[in-house]
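Q: Pasting the sequence and the predicted coordinates here, then a few questions.
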Amino acid sequence: MVAPILVFDSGVGGLSVVQALRHRLPGVALAYACDNAMLPYGRREDAWLVQRIRSVCQAAVAASGCRALVVACNTASTLALDALRECLTIPVIGTVPAIKPAASVSRTRHIGLLATSATVSRPYTLRLIQDFAADCRVTRLAADALVGEAERLVVGEVPDRVAIGRALAPLWEASAVEVPPLDTVVLGCTHFPLLRRWLAEAAPREVAWVDSGEAIARRVAQVVTAPDRCQAAGPSYATALDERLGKGLAAFGFAPPRWLQPG
């Protein structure tokens, strides 16, 4: 069996990173694990989350026999990367909001940051803004409702365009009264790129949408050996089994999820 790269997220958001990995490393063996029993992470206490993420990832790493772990979740990355690297012997690649690449493409120097409430005001995020976008106006917006819409999309439901428009409205309202106009939006949650089509439809004008998927894929390509041209469906794991989730994961090339029980 080819040792896969394991992609972990609280829910289906990591599937946007799976897409980037498959584009960058076609044929690479992948596995997927989600802690959907505890979704959403953003509403839980930090200390509890660190222990939970560590426990779930240890169980998923053991079950999959993976050669590297991609933590495709901004909340988990900002909280638990150090803890995971201490307890695992394989490479651990994290996710951070794409502030730096957004600043590099913004012409007006006005950037929107669309993230969950757990990420948008976290000190780590504020340091990224200070380090890489200090010359930009950054309008931050917590849009937790979009997580649920991405989850709905993956299990076969149509996202609610009204709910998406409502979630984005404060971003455009803030931009309308600020000069210069916002021209770039950071998708600071891995769930959000799955909704890119609907986000673009809800925008009053064309903006650049920037996410972390490509940067993560580049980093993985630096860390792991060459792809193995694996054609088999990758294994998947979930802390709560759901037939609809299995169908959604199948569309991304994964076998039906096995139940994952954290230690």
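A: Perfect, thanks for sending it. Numbers count the residues shown, from 1 in each chain.
Q: Would you map the helices across the stretch 51-200 of the chain?
A: Per DSSP state H, counting those that start in this stretch, the stretch 51-200 of the chain has helices spanning 74-87, 99-105, 117-120, 123-132, 145-154, 161-176, 196-202. These are given in chain order.
Q: Chain neighbours aside, what residue packs nearest to residue 249?
A: Nearest non-adjacent residue to residue 249, counting by CB to CB, 6 or more residues apart in numbering: residue 236, 5.0 Å away. To be clear about C-beta, it is placed using only N, CA and C from the backbone, and glycine gets the same treatment.
Q: Flag the shaky bits of the stretch 51-200 of the chain, pLDDT-wise.
A: Under the criterion pLDDT under 70, the flagged ranges of the stretch 51-200 of the chain are 177-178.
Q: Next up, the contacts around the residue positioned nearest the centre of the chain.
A: Centroid-nearest residue in the chain: residue 190, 2.1 Å away (criterion: CA atoms, centre = their mean). By CB atoms under 8 Å, 6 or more residues apart in numbering, the residues touching residue 190 are 9, 13-14, 16-17, 72-74, 95, 211-213.
Q: May I see those residues arranged in a markdown table, with distance to residue 103 and neighbour count as well?
A: Output for these, formatted as a markdown table (distance: CB to CB, whole Å; neighbours: other CB atoms under 10 Å):
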| residue | distance to residue 103 | neighbour count |
| --- | --- | --- |
| 9 | 25 | 29 |
| 13 | 23 | 29 |
| 14 | 25 | 28 |
| 16 | 21 | 26 |
| 17 | 21 | 30 |
| 72 | 22 | 31 |
| 73 | 23 | 30 |
| 74 | 17 | 29 |
| 95 | 18 | 29 |
| 211 | 14 | 26 |
| 212 | 14 | 28 |
| 213 | 18 | 23 |
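Q: Residue 53 and residue 76, how far apart?
A: Separation of residue 53 from residue 76 (CB to CB, to the nearest Å): 5 Å.
Q: Now the residue nearest to residue 154 when sequence neighbours are not counted: which helix or strand?
A: Using CB to CB, 6+ apart and skipping the chain neighbours, the partner closest in space to residue 154 is residue 248 (3.8 Å). According to DSSP states H and E, residue 248 maps onto helix 243-250.
Q: which parts of that helix are buried?
A: 245-246, 248-249 (16 or more other CB atoms under 10 Å).
Q: Now do that helix: everything it contacts.
A: 12, 15, 32, 34, 36, 154-156, 233, 236, 238, 255-257.
Q: swap the cut-off to 6 Å and go again
A: For helix 243-250, contacts defined as CB atoms under 6 Å, 6 or more residues apart in numbering pick out 154-155, 236, 256-257.
Q: Quick one: which of those residues is the most crowded by neighbours?
A: residue 236 (26 neighbours; other CB atoms under 10 Å).
Q: Spit out the contact partners of it.
A: 32, 249, 254, 257.
Q: hmm, try it at 7 Å
A: Contacts for residue 236 were tallied using CB atoms under 7 Å, 6 or more residues apart in numbering; they are 31-33, 249, 254-255, 257.
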